[in-house]
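>>> this one's sequence-less:
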């Protein structure tokens, strides 16, 4: 009898231990809480206004911006990148389109810098400075930004430049729709076998946008050939694995009014999964150990850009939930004006996103674009 | 996860062929334990949504947790020796322990019931768990330790097959969680 009782007790304790062990291990390692602060469209708008303020305060006389900044040491870390310059300019035009006061004049100063640095390349013009190979991304994002400006203002001010830049971009497309990332000023030809994870989607978007400016031009066909390549060939041809989550391509799919449904669904999953993972990252040592450091503002921002766009193309409750989660994370992680008061240079800190005390201007660019693009999701949920 | 995968994973996760040696020899006690376990899984499935919301866990992440737990339990099952039948308690209370708890109401299937409940609703969980538990009761009714060596060898083989299939389902559930939005 005692033996029987001991056996039962032993098995019961073993069963309880199994349940507790599973619960603790799962919570500690696998299903950590996904932290998705709830934010309102008004809070998102305020965050965007803060970001525009950062760009305004940190724009230099020539139209460029403070590129990389360490808030703890209050040091300008220098460097610059033309593709990111064009990206910031584009993002500010998005803010202008959303009605954020002052965004356009800041963007226009960025555009002036870019237009001062247009060179003849291929059959058109490219945004480039220096002696290295021309990189197509800067030109593509400049075009995309100027099309947004044109949509907002109705002014055809830069149509000529846009078309000439489009001509350059078309010259970079290979027969199968692949986009060559570089153009060599010495040979006057595209750089063979030069591919970029991001430029392909950027050129895709630029040309899809141009199709609205000049509907009878070659832009839509060119964009669709890139789109076909992205959907059917790119990952294999460019040896990308796992499949590339392409937030730039998501912009183009919006311009084209949709795309391959399976590809869109896979992209939604790629971005949604990253949001789930990122939302588990906190600043405490355990999540740092088990989930890694929080992503850059730019990295988190690209997730929101993609989800905002992909939600427009193929609305879905789960995509909306991830988009809303991401907007909440961005708002929470932004240094607001009050928090910045305790920093050494509040003007360079307020409105920005930092990782280990450092911010780069594209952190603000992608985060702001993400906030703007997830706004319709939040409005639909509220 | 699809309804079919949810049902199959619940049914095979219970693995009647492996469980039989851990259960009391009286089929009635096993049946009572099975009914209680079914009620337990039903409750877990019914509270899945508020539970996951309260813990800030999305359905896809819950699926990853369920798949991993089910897979680890299956691997554990593959290498674990079944207990000596002589050590399994008998008597009416055996329907509670060990039949209901811990043999039939198990954490791997419990986590799966939560995930499947969030994904597919209570119905899928009830169907899957009912099939698995009915199989446990049925197999315990037709096979006992007095069965011949061929039957016991067949039981062992079927147990391994069911475990392998469960492992495959666990991978499917996990991957489904990873690649979902």
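Yep, it's here. Everything numeric in this text was worked out from a predicted model, so none of it was measured.
>>> which residue packs closest to the closest residue to chain B within the stretch 1-150 of chain A, ignoring adjacent ones?
Using C-beta to the nearest C-beta, the closest approach of the stretch 1-150 of chain A to chain B is made by residue A:15 at 2.4 Å. Yep, even glycine has a C-beta here, placed from its N, CA and C like the rest. Take residue A:15 and drop its neighbours on the chain: the residue closest to it by C-beta to C-beta, 6 or more residues apart in numbering or on different chains is residue B:102, 2.4 Å away.
>>> so residue A:19 sits in a helix?
Yes - assessed with DSSP: H, G, I helix; E, B strand; the rest coil, residue A:19 lies in a helix.
>>> tell me, how many residues neighbour it?
For residue A:19, the neighbour count with other C-beta atoms under 10 Å in any protein chain shown is 16.
>>> for it, which non-adjacent residue is spatially closest?
residue B:107 (4.6 Å).
>>> which residues does the one you found contact?
Residues near residue B:107 by C-beta atoms under 8 Å, 6 or more residues apart in numbering or on different chains: A:18, A:19, A:21, A:22, A:23, B:69, B:73.
>>> can we see that at 7 Å?
A:18, A:19, A:22, B:69 (C-beta atoms under 7 Å, 6 or more residues apart in numbering or on different chains).
>>> for the last one, give me phi and psi.
In other words, residue B:69. phi -60, psi -50 (degrees, to the nearest 10).
>>> any figure for the gap between it and residue A:19?
Separation of residue B:69 from residue A:19 (C-beta to C-beta, to the nearest Å): 11 Å.
>>> what does residue A:212 give?
Separation of residue A:212 from residue A:19 (C-beta to C-beta): 59 Å.
>>> before we move on, what about residue A:75?
On the measure of C-beta to C-beta, residue A:75 and residue A:19 end up 53 Å apart.
>>> likewise residue B:152?
From residue B:152 to residue A:19 the distance is 30 Å (C-beta to C-beta).
>>> same deal with residue A:10?
When distance is defined by C-beta to C-beta, residue A:10 is 15 Å away from residue A:19.
>>> list the contacts for whatever residue of chain B ends up closest to chain A?
For chain B and chain A, the shortest gap (C-beta to the nearest C-beta) falls at residue B:102, measuring 2.4 Å. The contact partners of residue B:102, taken as C-beta under 7 Å, 6+ apart, are A:11, A:12, A:14, A:15, A:18.
>>> what is the lowest-pLDDT residue among those?
Ranked by pLDDT, those bottom out at residue A:11, which has 87.
>>> figure out the helix or strand that that residue lives in.
helix A:2-25 (DSSP states H and E).
>>> just the element for residue A:342, please.
Going by DSSP H and E, residue A:342 is not in any helix or strand.
>>> how far away is it from residue A:283?
17 Å.
>>> again, but for residue A:96
From residue A:96 across to residue A:283, the span is 34 Å (C-beta to C-beta).
>>> ok, how many other residues are close to the nearest residue in space to residue B:70 that is not next to it in sequence?
Once flanking residues are discounted, residue B:70 sits nearest to residue B:170: 4.0 Å by C-beta to C-beta, 6+ apart. Residue B:170 is flanked by 25 other residues according to other C-beta under 10 Å.
>>> repeat that for residue B:157.
Residue B:157: 11 neighbours (other C-beta under 10 Å).
>>> secondary structure class for it?
helix.
>>> make TSV from the contacts of residue B:107 and add distance to residue A:178 to it.
Below are the contacts of residue B:107 laid out as TSV (distance: C-beta to C-beta, whole Å):
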residue	distance to residue A:178
A:18	53
A:19	54
A:22	48
B:69	44
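>>> filter the residues you listed down to the buried ones, ChimeraX style.
In ChimeraX, a selection of the buried entries from the contacts of residue B:107 looks like this (16 or more other C-beta atoms under 10 Å in any protein chain shown):
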select /A:18,19,22 /B:69
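>>> other SSEs contacting the host helix or strand of residue B:165?
Taking DSSP H and E as the criterion, residue B:165 maps to helix B:149-178. Contact here means 3 or more C-beta pairs under 7 Å, 6 or more residues apart in numbering or on different chains; DSSP states H and E; on that basis helix B:149-178 packs against helix B:3-14, helix B:16-19, helix B:59-79.
>>> dump the residue contacts of residue 67.
Defaulting to chain A. Residues near residue A:67 by C-beta under 7 Å, 6+ apart: A:78, A:79, A:80, A:360, A:361.
>>> that was the other one, I meant chain B.
By C-beta under 7 Å, 6+ apart, the contact list for residue B:67 reads B:170, B:171, B:173, B:174, B:177.
>>> how about the helices and strands packed on helix B:149-178, which one is nearest residue A:128?
helix B:59-79 (43.3 Å; C-beta to C-beta).
>>> centre of the chain to that closest one, how far?
11 Å (C-alpha atoms, centre = their mean, to the nearest Å).
>>> what's the mean pLDDT across the helix or strand that it is followed by?
Remark: after helix B:59-79, the chain's next helix or strand is helix B:107-120, criterion DSSP H and E. Mean pLDDT, helix B:107-120: 98.
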